[in-house]
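Q: sequence and predicted model, in that order:
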Amino acid sequence: MVCPFHVVLEEGLAPPSDAGTFLIVTVHPCSLSVEAAEEVVYQLYQVLLRFGLNSMGIEICESAVTYFGSDFQLPGVGCSFAQAYGQPMLGTSIGPAGDSGQTGSLGFYLKVEYQGNTDVLAITCHHVIAPGKEAPVRPQDPPLTIESPGQVDHNAWTAGLAQAVKNSAAIDDFFAGMQSTTAGPSQVDHNAGTAGLSDELRLQTAHTFSRDIGLVHISSGMSDIIHDCRLDWALVELRASQFADGLERLSNKPPAHLLEYLFAHRYNPHEAAARNIVFKVGRTTGPTMGIASGCRAVVQVFQSKTVRSIEHVITSCSSAQCFARPGDSGAPVYGACGDGQFMVWGGLEQREREPAAVALDLVVFATPIQTILHHVEAKLSQAIGHTNFKVTLA
């Protein structure tokens, strides 16, 4: 089993009031025969009966856990060119320097206090900065540069802009030729080349823009478990030169385009709190809203060492839009009132054609930020040899 949703079976647990409640069990594609799947359902049903949960439906689905780092050869759609090639902001595209093919999202800013000093760093997922590497990154390891936008997105932006410049030149040549053979006053739109000029300037900006935003200081690796959650984080030491107002002025206030999104959707924090609504901003899907219903999922990640954890689940508010997709790993998730609550790391990919009771592609896994902060303190203390680190959201 890859990811059965977690039902806490404790003595005295009341049966669900809603007869439409389902226990979803996802398995690797083609891993069970029909007979074996029926046996799994029967055994689960016997367990549920012991706790009076006879009104709960059981469904077996083929799916797989996937990290939300991305090697898609498409630009992040979560921000504009000006946002991608400006001062790095929360949720923007990042990735390791070079052509690793991996990209993710810049997460919350953290304040690290130690022996009277205060540093501001950024957090993202370990699998974003060190794809395919299970071991943690340590302070004494060779420097690992992080860029924004990530190389995948930078390549896509420059290729797309270069094509746009080429297309604009072809259009200008066409109208110039038509103008030379047309008698009378010109009817050509003299602004036809403006878009080409703009694209040319943006292409030049992309080629000359300094994308180096810092170095990885330390990371969790892929195998640590705390409070049942699998840890997957990395701390990035930010370059002060990339932030016009200085690192000490950085905060985790939602960026402007996220606030615009909430305003456009008539966001009401009181109603959102009552419905457990959260919101996030990420590299791929940009600003979205979801529901942190308290549902958790038992997840097994198969690497050289199988890692089992119980993850918090966030589902989309709308079936028309996913809360997060590949490329959103590391994205900061805010509570209804704008407080930092989670960091996105992965989700489910549905591999079957028949629809399930739950649209599995809408299921996202996120780690509580407080769990991450406690683990960061422990890792820093272990690496440095002192225990007086204090790590908080900036």
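A: Great, that's in hand.

Q: make it CA atoms for all contacts and neighbour counts henceforth
A: OK.

Q: tell me the domain ranges of the protein?
A: For the chain, automatic domain parsing gives the domain ranges 19-62, 81-150+211-393, 153-178+192-208.

Q: pick the most deeply packed of the ones you listed.
A: Greatest average neighbour count among the domains of the chain goes to domain 81-150+211-393 (a mean of 20), per mean count of other Cα atoms under 10 Å.

Q: quick one on the thing from earlier: now mean pLDDT too, for the domains of the chain, in a markdown table please.
A: Below are the domains of the chain laid out as a markdown table (pLDDT from 0 to 100):
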| stretch | mean pLDDT |
| --- | --- |
| domain 19-62 | 77 |
| domain 81-150+211-393 | 89 |
| domain 153-178+192-208 | 77 |
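
Q: quick check: bridge partners of Val307?
A: Bridge pairing for Val307 (DSSP bridges) gives the partners Val301.

Q: who's in contact with it?
A: Val307 is in contact with 223, 230, 300-301, counting by Cα atoms under 8 Å, 6 or more residues apart in numbering.

Q: let's have those residues in TSV, adding distance to Ile213.
A: Formatted as TSV, the contacts of Val307 follow (distance: Cα to Cα, whole Å):
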residue	distance to Ile213
Ser223	27
Arg230	27
Gln300	33
Val301	30
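
Q: what's the most distant pair in these?
A: The distance between the two most remote of the contacts of Val307 (Cα to Cα) is 11.2 Å, for Ser223 and Gln300.

Q: quick check: Pro255 touching Thr92?
A: No: if you go by Cα atoms under 8 Å, Pro255 and Thr92 don't touch, sitting 10.3 Å apart.

Q: with adjacent residues omitted, what lies nearest to the most centrally placed residue in the chain?
A: With distances taken as Cα atoms, centre = their mean, Asp328 lies nearest the centre of the chain, 2.2 Å away. Spatial nearest neighbour of Asp328, chain neighbours left out: Gly282 (4.9 Å); criterion: Cα to Cα, 6 or more residues apart in numbering.

Q: and the one you found, its phi and psi?
A: Torsion angles at Gly282 (phi, psi; degrees, to the nearest 10) stand at phi -140, psi 170.

Q: list the contacts for it?
A: With Cα under 8 Å, 6+ apart, Gly282 has these contacts: 78, 90-93, 105-106, 324, 327-332.

Q: Asn167: which element?
A: helix 151-180 (DSSP states H and E).

Q: C-terminal to that helix, what's the next element?
A: Using DSSP H and E, the helix or strand that follows helix 151-180 towards the C-terminus is helix 194-208.
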